[in-house]
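Chemist: Fold the stuff below for me.
(chains A and B)
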Amino acid sequence: MERPEAEPLGASHSCQTGEAEPGTGPAEEEPGGAAAGTMMEDCLSKKIEITVSEAEKRTGRNAMNMQETYTAYLIETRAVESQTEGQCSPPDSLWRRYSEFELLRNYLLVNYPHIVVPPLPEKRAEFVWHKLSADNMDPDFVERRRIGLENFLIRVASHPIICQDKIFYSFLTQEGGWKEMVNETGFQLKADSRLKALNATFRVKNPDKRFTELKHYSDELQSVISHLLRVRARVADRLYGVYKVHGNYGRVFSEWSAIEKEMGDGLQSAGHHMDVYAGSIDDILEEEEHYADQLKEYLFYAEALRAVCRKHELMQYDLEIAAQDLASKKQQCEELATGTLRTFSLKGMTSKLFGQETPEQREGKIKVLEEQIHEGEEQLKSKNVESREFVKSAWTDIERFKEQKNHDLKEALISYAVMQISMCKKGIQVWTNAKECFSKM
Amino acid sequence: MLNQYKFEDEPELRDLFITVDDPESHITAIETFITYRVVTKTSRGEFDSSEYEVRRRYQDFLWLKSRLEEAHPTLIIPPLPEKFIMKGMVERFSDEFIETRRKALHKFLNRIAEHPTLTFNEDFKIFLTAQAWELSSHKKQGPGLFSRMGQTVRAVASSVRGGGVKNRPDMFTDINDYMETFNQKINLLDKISQRIYKEERGYYCEMKEYGPIHTLWCASEEDLVDSLKGVASCIDKCCKATENRMAGLSENLLPVLHEYILYSEVLTGVLKRRDQIQAELDSKVDALSNKKAEKDLPTEEIGNLEDKVECANNALKADWDRWKQNMQHDMKTAFLSVAENNIHYYEQCLATWESFLTCQTVDLHLGEDSEEKP
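Modeler: Modelled structure (predicted):
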């Protein structure tokens, strides 16, 4: 459902529904309008298998020549065909650190503003329950980040549009000089300033309702997932406590069994099962962390959605300003031509006070304005087209995103249930064993 | 012998049934106190009636216990709940406190009823049957507070003098050593169990908040409503299951552990009293060996004391064996019920999540979407 456009005031040209093309990336022109299904065939993820297989601690010197420790991740790529033939050719690989992933993502954000760009795993550990380390160097955190980075690359490679990007491809294949290559594209200059975007958000008069709704949706998504993750962390904390305290039974049963003749064996063996029970929570909660990571991805996706909305607001605001500008110029022209003063203007007043201009001067001004108006109309036309194209392609990607989200979150919830079931089965096993030991007391 | 019943004796042999319930508050000008209803049902001939209902306050229980200790110094008299609990914020008259005390008092009387000797004690009978005024007047007849204090002083003095009894049979030293370790371990188990209860409660509170968030989320996700509602409902059910788990702990394990903590004081007292009886004999024997002239006179006295010591020792030995058997049974029952409770908890949770999963997989197979995973 197309919403009516912001018609520039007094405009006489008609809107044309231009040929919609998906937003073209700077690297390659793509034939537009193809169905999403066909696009999937071309996805990089179908041709290349991507893994982030290792993480390594490194020390180096940073920009200020100070020593720093960081983690480097090994990206391996392998052509899919080579697998099916039964050969296992060694993968191509290179090392990247988190900041390079960030650079890649920022590049994609700037160059594909109509795409909901997949988020990176969190920079710092958040929503941590107390036994889990918030330290970036902690091996469990590094491991989960490795998985998150792999997931990010696969998501990009599976996206029909951004997987075609050359810079992305080089990120996967070209170790040296990649950073320079990215910076040379000058994408940082293309980026909209935050201030400009904020201004647009406040001042835009007629944004597409769908984007306004989307913004609300993303705010709600962020809020509810944050809340969920916070409480989940607290639940994990308590669960950890319940399990671990049972471990103390093991020790005391063992000590007690030393002074008991008949009860001794039963106590001792029951104690062993208490230790097993207490130890089982570590794996259970580690698995749950992966579930939390799945939710976190969508928490960060909310920000990506908002970025698309902001771009729309910016473009729409731009359009509105241009239309306003054009309208005021037209009015000026009209006033000069007819000699009537419709609105108050300083020039008008001064000319009234200090005498009118010569007809030649007036003619000159009118000519200049007419040129500007013509230019303005052309610009407005193209801005309209741009804006419509943006809305169309953004909305296509948003629909794609929605389906992905529904699928993923449903799967996540199912996997949560599976985890709970596994935990219950383990619990039944342990306590059944313990019960048998107690019965022998 | 595998015993499902709480009481050691076969149910058909029991002829005395006691319940303690219905706490009531009494307010006078001087004090406020609680009385409990004690109902006795019996088929014994010594009892005039087959059913009695009296009201007793904590003081009365204290009186009964001290009478039993006097009459049977080397029998293991069951412990009473504490007079006042300092820990935490449990006030003297909080409902929780009263209920815990009521259960402990119930246990106390029933243990006495099950005891082969104590069950026939006259003061016990009076406690169960006498009306309030009858009991007061009977109480006044017994040895006064001061004589009891005197006994305690002598007992302390005799145990201090010489630092323990020299002729104490090994068996009783063994019991003493056992009780030291036992007491230590039971105290630890009590602490651990209390901590587990606390953590379970904390878990319950967090889960109570956790479930509804999923329902809240439904509001912004049309397509996920079923899944989210399903998860919310599962979490709520697990919450209830946790409540049951906690209740099991507080009903079956905590009171048992607590009672056995109190038992250690009882055992210490019993061993001391036995030592004291032995000390009386020993001191007379010592005195005799010093005064060689008057050998004949105290022989009868010595003989009596020797009998007394032998009786005391035998009584204690028998009662100790009985106590150990009971303890084993009680601990086994308590921990078994904890294990069963936990199994039941996990089974409940398992059923909940499995049924959710079944629903979800059914939905997926009904051709939800043929999306390929990104």
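
Chemist: three-state assignment of the residue of chain A positioned farthest from its centre?
Modeler: With Cα atoms, centre = their mean as the measure, chain A has its most outlying C-alpha, relative to the mean C-alpha position, at residue A:261: 64.4 Å. Assigned by DSSP: H, G, I helix; E, B strand; the rest coil, the conformation of residue A:261 is coil.

Chemist: so where's the stretch 51-200 of chain B uncertain?
Modeler: The model of the stretch 51-200 of chain B has pLDDT under 70 over residues B:85-92, B:142-165.

Chemist: So which residues on it come close to chain A?
Modeler: Applying the criterion Cβ under 8 Å from any Cβ of the partner chain, the portion of the stretch 51-200 of chain B that neighbours chain A consists of B:178, B:181, B:182, B:185, B:188, B:189, B:192, B:195, B:196, B:199, B:200. The way it works is simple: take the backbone N, C-alpha and C, and place the C-beta from them, glycine included.

Chemist: wouldn't residue A:290 be in contact with residue A:151 here?
Modeler: No: with contact taken as Cβ atoms under 8 Å, residue A:290 and residue A:151 are classed as non-touching, separated by 10.6 Å.

Chemist: more crowded one of these two?
Modeler: residue A:151 (19 against 14; other Cβ atoms under 10 Å in any protein chain shown).

Chemist: which residue sits closest to the more buried one, ignoring its sequence neighbours?
Modeler: residue A:297 (7.1 Å; Cβ to Cβ, 6 or more residues apart in numbering or on different chains).

Chemist: Got the confidence number for the one you found?
Modeler: At residue A:297, the model reports a pLDDT of 96.

Chemist: what's around it, how many residues?
Modeler: Residue A:297 has 23 neighbouring residues, counting by other Cβ under 10 Å.

Chemist: Got the phi and psi for it?
Modeler: phi -60, psi -40 (degrees, to the nearest 10).

Chemist: Identify the residues contacting it.
Modeler: A:118, A:119, A:121, A:148, A:151, A:408 (Cβ atoms under 8 Å, 6 or more residues apart in numbering or on different chains).

Chemist: Quickly note the distance from residue B:27 to chain A.
Modeler: Using Cβ to the nearest Cβ, to the nearest Å, we find residue B:27 at a distance of 41 Å from chain A.

Chemist: Which residue ranges of chain B form helices?
Modeler: Counting by DSSP state H, chain B has helices at residues B:58-71, B:95-114, B:122-129, B:132-141, B:145-160, B:170-218, B:225-248, B:254-290, B:298-365.

Chemist: And chain A, is the last one touching that?
Modeler: Yes: judged by Cβ under 8 Å from any Cβ, helix B:298-365 comes into contact with chain A at B:328, B:331-332, B:335-336, B:339-340, B:342-343, B:345-347, B:349-350, B:353-354, B:356-357, B:360-361, B:364.

Chemist: which of the residues you listed are buried?
Modeler: In terms of neighbour count (16 or more other Cβ atoms under 10 Å in any protein chain shown), the buried residues within the residues of helix B:298-365 next to chain A are B:328, B:331-332, B:335-336, B:339-340, B:342-343, B:345-347, B:349-350, B:353-354, B:356-357, B:360.

Chemist: Out of the contacts of residue A:297, who's the most crowded?
Modeler: Neighbour counts for these were taken using other Cβ under 10 Å; the highest belongs to residue A:118, with 24 neighbours.

Chemist: and the longest helix along chain A, what does it pack onto?
Modeler: Ranked by number of residues, the top helix in chain A under DSSP H is helix A:359-439. Of the remaining helices and strands, those touching helix A:359-439 by 3 or more Cβ pairs under 8 Å, 6 or more residues apart in numbering or on different chains; DSSP states H and E are helix A:209-257, helix A:264-338, helix B:225-248, helix B:298-365.

Chemist: contacting residues for the residue most central in space within chain A?
Modeler: Centre of chain A computed as the mean C-alpha position; nearest residue by Cα atoms, centre = their mean is residue A:119, 3.2 Å away. Taking Cβ under 8 Å, 6+ apart, we find residue A:119 in contact with A:105, A:152, A:297, A:300, A:301, A:303, A:304.

Chemist: State the distance from the fourth one to chain B.
Modeler: Pointing back at residue A:300 there. Look at residue A:300 and chain B: by Cβ to the nearest Cβ, they are 15 Å apart.

Chemist: how about the nearest residue to that residue, chain neighbours excluded?
Modeler: Leaving aside its sequence neighbours, residue A:300 sits nearest to residue A:119 (Cβ to Cβ, 6+ apart; 3.4 Å).

Chemist: looking at this, that neighbour is in a helix?
Modeler: No: under three-state DSSP, residue A:119 falls outside any helix and is assigned coil.

Chemist: Low-confidence stretches in chain A?
Modeler: For chain A, the stretches with pLDDT under 70 are A:1-42, A:82-89, A:130-134, A:339-357.

Chemist: Was I right to think residue A:309 contacts residue A:217?
Modeler: No: in terms of Cβ under 8 Å, residue A:309 does not count as a neighbour of residue A:217; the distance is 9.7 Å.

Chemist: Phi and psi next, for residue B:72.
Modeler: According to degrees, to the nearest 10, the main-chain angles of residue B:72 amount to phi -130, psi 70.

Chemist: actually residue A:78, not the one I wrote
Modeler: According to degrees, to the nearest 10, the main-chain angles of residue A:78 amount to phi -140, psi 130.

Chemist: check contacts around it.
Modeler: Residues in contact with residue A:78, defined by Cβ under 8 Å, 6+ apart, are A:48, A:49, A:89, A:91, A:92.

Chemist: before we move on, the earlier item: how much space is there between the residue nearest to the centre of chain A and chain B?
Modeler: 13 Å.

Chemist: What residues does residue 190 make contact with?
Modeler: Answering for chain A, as no chain was given. Under the criterion of Cβ under 8 Å, 6+ apart, the contact partners of residue A:190 comprise A:110, A:111.

Chemist: sorry, should have said chain B
Modeler: Residue B:190 makes contacts with B:254, B:257, B:258, B:261, as judged by Cβ under 8 Å, 6+ apart.

Chemist: again, only this time at 10 Å
Modeler: With Cβ atoms under 10 Å, 6 or more residues apart in numbering or on different chains as the criterion, the residues that contact residue B:190 are B:253, B:254, B:256, B:257, B:258, B:260, B:261.

Chemist: Neighbour count and pLDDT for the residues you listed - can I get that in TSV?
Modeler: Putting those into TSV (neighbours: other Cβ atoms under 10 Å in any protein chain shown; pLDDT from 0 to 100) gives the following:
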residue	neighbour count	pLDDT
B:253	23	96
B:254	17	95
B:256	23	96
B:257	20	96
B:258	19	95
B:260	23	96
B:261	16	95
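
Chemist: Could you find the closest non-adjacent residue to residue B:42?
Modeler: Beyond its immediate neighbours in the sequence, the residue positioned closest to residue B:42 (Cβ to Cβ, 6+ apart) is residue B:16, lying 4.8 Å away.
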